[in-house]
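J.: generate a structure from the sequence data that follows.
(chains A, B, C and D, ligands or ions: 4)
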Amino acid sequence: MRDEPSPGTRAALPIPALIAEALAGEMARDPSVLLLGEDVGRLGGVFGASRGLLERFGPDRVMDMPIAEMAFTGMGVGLAMAGMRPVVEIMFADFVGVCLEQMVNAAAKIPFMSGGRQRVPVVFKTAGGCIGSAAQHSQCLWGLFGHLPGMKVVVPSSPMDHKGLMAAAIRCDDPVLFVEHKRLLLSKARDSLQGAEVPEGEVVTPIGRARVARAGGDVTVATLSLGVEHALRAAAEVAPEGIGAEVIDLRSVVPLDMETVCASVARTGRLLVVDEDYLSFGLSGEVVARCLEALGPGALRQVGRLAVPDVPIPAALPLERAVLPGPEAIAARLRAMAVGA
Amino acid sequence: MRDEPSPGTRAALPIPALIAEALAGEMARDPSVLLLGEDVGRLGGVFGASRGLLERFGPDRVMDMPIAEMAFTGMGVGLAMAGMRPVVEIMFADFVGVCLEQMVNAAAKIPFMSGGRQRVPVVFKTAGGCIGSAAQHSQCLWGLFGHLPGMKVVVPSSPMDHKGLMAAAIRCDDPVLFVEHKRLLLSKARDSLQGAEVPEGEVVTPIGRARVARAGGDVTVATLSLGVEHALRAAAEVAPEGIGAEVIDLRSVVPLDMETVCASVARTGRLLVVDEDYLSFGLSGEVVARCLEALGPGALRQVGRLAVPDVPIPAALPLERAVLPGPEAIAARLRAMAVGA
Amino acid sequence: MRPNDPRILRHRRMLEMRAFDEACLEALRRGEIHGELHTGINQEAIGAAMAESLRPGDAVVSTHRNHFHALAKGVPARALLAEILERETGLCRGRGGHMHPFHPPTNFSATGIVGASLPVALGYAQAFRLRGEDHVAVGVTGDGGSHTGAFHETLVIAGARRLPLVVLVENNALAISVGFGDVSPTATVAERAGAWGARGMLVDGTDVDATAEAFAAAMEQARGGGGPVLLEATCTRARGHFEGDPDTYRTREEKRRLREERDPIALHRARLLAEGVGADALDRMAAEVRAETARLLEAVRADPLPDPAGAALYLWAEEA
Amino acid sequence: MRPNDPRILRHRRMLEMRAFDEACLEALRRGEIHGELHTGINQEAIGAAMAESLRPGDAVVSTHRNHFHALAKGVPARALLAEILERETGLCRGRGGHMHPFHPPTNFSATGIVGASLPVALGYAQAFRLRGEDHVAVGVTGDGGSHTGAFHETLVIAGARRLPLVVLVENNALAISVGFGDVSPTATVAERAGAWGARGMLVDGTDVDATAEAFAAAMEQARGGGGPVLLEATCTRARGHFEGDPDTYRTREEKRRLREERDPIALHRARLLAEGVGADALDRMAAEVRAETARLLEAVRADPLPDPAGAALYLWAEEA
Ligand SMILES: Cc1ncc(C[n+]2csc(CCOP(=O)(O)OP(=O)(O)O)c2C)c(N)n1
Ligand SMILES: Cc1ncc(C[n+]2csc(CCOP(=O)(O)OP(=O)(O)O)c2C)c(N)n1
Ligand SMILES: [Mg+2]
Ligand SMILES: [Mg+2]
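T.: Ligands and ions are numbered 1, 2, ... in the order given. Next up, the predicted model:
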């Protein structure tokens, strides 16, 4: 980045600037890294996650694309097969319906279909989550991608991970889906409950290891993305009531670090999965099922899931609030679970 | 159908002919019912599920389409909004990556987004399942559609249900995804373990009610589609060993009839979900999680999931067999679970 | 020129449309819209032109920038504004919001997914053909939408079937920050029409008179069975892509120039004045429209928000 | 004409391609291929024509009907056939099968999803441009694929960026049972090229000499920086869409006529004979090719099938 803020002001950086740092760092160290997508160049990304990159790396490596996601997603696949390391931005996760074909039947399957002989090191970068834009611009969909094998599905929550997991995604030889949350993209590092300090230099967070964001002995909360912030808020709220919530940031859906989750549940006996994706046939059911498989029914005293209740996101604010798993809803569940058997 | 087979020979009918009967019946009773898709007209469907319909109802109601799934899927949406009842064939479930947008952001969401004021009575008819065509032509994907709210997801298994559920799907005022299994489409009514007799006249199977395909007291097997046939075969195999498997045909993924499943598991204490879709973040995890939520950990002695182990379907026969949940694998699981605590 | 002269009515329609979007901006400023907002300011001529040739049975499927198309189709302004303000009295009971208004009685709908309007419009066109109705389906998209696969596939089918479809491309030369000239393989969208056996038409979409004529001709051809028409109307976007867009990809100077030189209302006003229409008559009209819209906004602001208890309603038919 | 005359080589290539697909048919009959099989019989002229102008660094992204394109690109026939026969020695260790052969050393790949070849080819073209290499990417599709959204989007981007891309449309006038003439808005695919600022070329794809020339010209333009080319080669499909297709949508008579009148090998043989090449030289060549292919098939049949224990391998890089 050309306009580095002076030291001490890094906590004031918007989250997208941390992603831009990761992109810039990787582009600087590896000439095969490219960025392409809508509005990634001249605008620097609709949230600013690629601000400054066009100026620094030029239009050959930062390519503004027409609204032709199928072609440019597939272009990412072809570039990767040809030896490049493209980062393809699909502006919002909701738009994958126009380009899923290339993500799933090409990127995610080619390594396997080729018997391991053709690598496809592409990163699909997209923004999910709810900021008031209703049914077609609010979905998370990481559960959907978890279901389709062949792609790592990485979901940052802390400021540090926005930088470190993006760098790791780019270095990964497998296709990676990187799902940001719009609400976090609109925030600054210092707004986070998970620490604002992110080094200026290289940060690479290994993909596939969950993180205990808060320790606690009564209920395990497995969550990710904005859910970690909400869960930390709820945990702080119920702590004075004597309820110890252990908050786990899953960090990636694929691979899913069940070891960390199960180790916690083995202690607490109570598992609450908090997920801003849809409730059914997704992440929350999988975490519950794997936990049950790993620990056996006897180890589980209580299990809960808090997610969008299988309806599209409604437009009006009171309705939107009612379907999202926010801090109040999490706190209420924690209280209910803590008193239960 | 113009060439009705003589009575007594109906058990020799290919499964697709039963679907064609349902289509013909509904088209005859309701002039707003239409069929469109690739090869549905002149060829009568790649499996024959619309044979005879073009000749009987003409090219205005049976429309052969170019390979432009996004446009003709959306055409189905527009037709439905304009008061028609289109059945849109997407040849194989694997191809949804080119038209998911219209299925999910339009058909499945418009009823909700319009506050219930715009109905979209469209049926998306597609074939899933494995018959040796490798990674891009073998998927079931019903778990994916279950995850995305707003569409009923209907999956027939018995000959009767191929006819009865198709009729019900067409009469349903909600968008419906109807997922056939290619292996069943290549079979005849009499090949089924679930009864070959299907009346010539109207059959309408209510959507959303699972069916106990075989009663048993030791292990509950929840499955669907070809899985029901496999599970019945496995159940018959282990029966002489004193293992009573209760086989439940879920019949639809959305709605998911957990009452029937839970009633069975409450008796057996053992749940095995058999699913030809991918293992993770899908149907099997959801059934397990809902069962646990409904009955509590104490009611479950054992839980198992048998599904495609999160890899694409490989081409070679020995590899394909190794990843599919066939009768042998089910029988082995039943034996293992029956001896367990 | 008499007050009910069609060109005066055109002018009034443009004023109404602008006032409508200004009301939306006001509501946004007051925090009464919590989601995204895309206004059509400077693109009123296209909406006003549409209004003249659309008939009740015709269908319009619009985009994220849909307000003017809805008004042109005859969607009640009250219920439309209430939907944008997320009210229970809105077209969709506050479920859809500004990007997803649906009004079955006028066959109006929209989508927030670029290009996705066109396949749905194709479906309406096919329904009209099947039922022997002489309605036309209009699928609206932007220049950005002309690059989507849905655009091609829709025109392939409409072209081969000669369906009564008008694909209306509002070419404001920008898709968010991406310039049409930077990503289009052709200088215009209209010149591509031959690839689908469609008629291509290009019109200056800041000239409401020319656009009304072009749109009428397009509708006539489609209605008469002449097959699909690809009508491109060039225009400019006066504000950011959405409210909140920093719009750093254009200079202030450039935006000022667009507002001054390519404002369809100002251009039309100048033309009417030159033709002898009185300035005070036009001013009176503008004041009237403003007052009406202010009353509308006040009325909608008094409407209730949806009850959160019903947040999961209306997914299935039995709940409607 | 000398034996190493390019036109004799062309002829030999066609013979090899046909023999290859006949070997596949034999393997299928013996139950050694358990999945779908799409042969290219009667479409050999296009593959043979490609072989002449493709260079090692060029990329080809093909379709479900990909065998001839793979051979044209220089993919080893042994490993290709082994992959089709689902052997561990195959290009992809038996994981890909006949619709999904990948051969990174020659930049060859394919997909079973119609239209999906083109965006991937676009990526290769962009990579070549970025690295300043003078390679060309060839995306192959059928007439059916020309209706897909991916086709449009790919050409939009290639056209605007003037990328070294040749979109080769094998127009056999059928997409399974759906006739090109029944669903296309235009009489040819090539005539649509202007919509994307591409050069459109149409050639009789049953005439190997003409097709070789046309393909060479297309490659030369793309290689020289002249931007994308849309090359349509008309041809016919002699067999069902896939083996097992009842092919009820054509009459026997029609198929007989296609095999007799539009077989590129027979046509070329007649031409060579007319130009004085000896019938016995050609017969000897045909016998030689048949014998070689028979040996190839025998060798592959002796190869092992993959070990089921490894069924879940190769999903992630660390397993490769
Ligand atoms: C398929 C898809 N891709 C991207 C977006 C994000 N997006 C919303 S509007 C827009 C630009 C649209 O440009 P254009 O079609 O010219 O319409 P305009 O905004 O200029 O009216 C983009 C990229 C989207 N909504 N849908
Ligand atoms: C997106 C998609 N839709 C449908 C299919 C099923 N399908 C496979 S091949 C084919 C016909 C292809 O026709 P064409 O492109 O002309 O190629 P040809 O088979 O004639 O060589 C169809 C419909 C598919 N594989 N992918
Ligand atoms: Mg625009
Ligand atoms: Mg074809």
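J.: in the stretch 101-250 of chain A, where is pLDDT below threshold?
T.: Residues of the stretch 101-250 of chain A meeting the criterion pLDDT under 70: none.
J.: all strands of it, in order?
T.: A:123-128, A:152-154, A:176-181, A:211-214, A:219-223, A:245-249 (DSSP state E, counting those that start in this stretch).
J.: confidence score at residue 39?
T.: Picked chain A for this. Looking at residue A:39, its pLDDT is 98.
J.: actually it's chain C I care about, not the one you picked
T.: 98.
J.: same question, residue A:322
T.: Value listed for residue A:322 in the pLDDT field: 98.
J.: thought residue A:333 was touching residue A:238, still the case?
T.: No - the criterion here is C-beta atoms under 8 Å, and residue A:238 misses it with residue A:333 at 9.8 Å. Using the backbone N, CA and C atoms, a C-beta is placed for each residue, glycine as well.
J.: the helices in chain C, which residues?
T.: Along chain C, counting by DSSP state H, helices occupy C:6-29, C:44-53, C:67-73, C:77-84, C:117-130, C:149-161, C:180-183, C:208-223, C:252-261, C:264-274, C:279-301.
J.: would you mind measuring from the closest residue to ligand 3 within the stretch 101-250 of chain C to residue C:111?
T.: Going by C-beta to the ion, ligand 3 is nearest to residue C:142 of the stretch 101-250 of chain C, at 3.6 Å. To residue C:111, residue C:142 is 12 Å away according to C-beta to C-beta, to the nearest Å.
J.: any common contacting residues for the two?
T.: Overlap of the contact sets of residue C:142 and residue C:111 (by C-beta atoms under 8 Å, 6 or more residues apart in numbering or on different chains) consists of residue C:63.
J.: for whatever residue of chain A ends up closest to ligand 3, which non-adjacent residue is spatially closest?
T.: As assessed by C-beta to the ion, ligand 3 sits closest to residue A:67 within chain A, at 9.3 Å. Once flanking residues are discounted, residue A:67 sits nearest to residue C:144: 4.4 Å by C-beta to C-beta, 6 or more residues apart in numbering or on different chains.
J.: ok, now residue A:286?
T.: Using C-beta to C-beta, 6+ apart, the nearest residue to residue A:286 is residue B:285, at 4.2 Å.
J.: helix or strand: which one has that neighbour?
T.: Taking DSSP states H and E as the definition, one finds residue B:285 inside helix B:283-295.
J.: how much space between the residue nearest the centre of chain C and residue B:37?
T.: Central residue of chain C (C-alpha atoms, centre = their mean): residue C:69, 3.2 Å from the mean position. Between residue C:69 and residue B:37 the distance is 30 Å, computed by C-beta to C-beta.
J.: now residue A:151
T.: With the distance defined as C-beta to C-beta, residue A:151 ends up 29 Å from residue B:37.
J.: repeat for residue A:12
T.: 55 Å.
J.: just residue C:236 next, same as before
T.: To residue B:37, residue C:236 is 41 Å away according to C-beta to C-beta.
J.: of the two, who's got more company?
T.: Each of residue C:236 and residue B:37 has its neighbours counted (other C-beta atoms under 10 Å in any protein chain shown); residue B:37 has more, 26 against 22.
J.: chain C contacts on the stretch 101-250 of chain A?
T.: A:131-137 (C-beta under 8 Å from any C-beta of the partner chain).
J.: where along the stretch 151-300 of chain A do the helices fall?
T.: A:159-171, A:182-185, A:226-238, A:258-268, A:283-295 (DSSP state H, counting those that start in this stretch).
J.: how about the second one as CSV, C-alpha atoms only?
T.: If I follow you right, that is helix A:182-185. Provided in CSV are the C-alpha atoms of helix A:182-185 (Å, rounded to 0.1, in the frame of the first residue of the first chain):
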residue,chain,number,x,y,z
LYS,A,182,-20.4,-7.1,4.8
ARG,A,183,-21.0,-5.8,8.3
LEU,A,184,-17.4,-6.5,9.2
LEU,A,185,-16.2,-5.0,5.9
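J.: burial measure for residue 168, as a count.
T.: You didn't say which chain, so I picked chain A. Residue A:168 has 24 nearby residues by other C-beta under 10 Å.
J.: not quite, I wanted chain C
T.: Applying other C-beta under 10 Å, I find that residue C:168 has 28 neighbouring residues.
J.: between helix C:149-161 and whichever strand or helix holds residue A:79, find me the angle.
T.: In this assignment (DSSP H and E), residue A:79 forms part of helix A:69-81. If you take axes from the mean of the first three to the mean of the last three C-alpha atoms, to 10 degrees, helix A:69-81 sits at 120 degrees to helix C:149-161.
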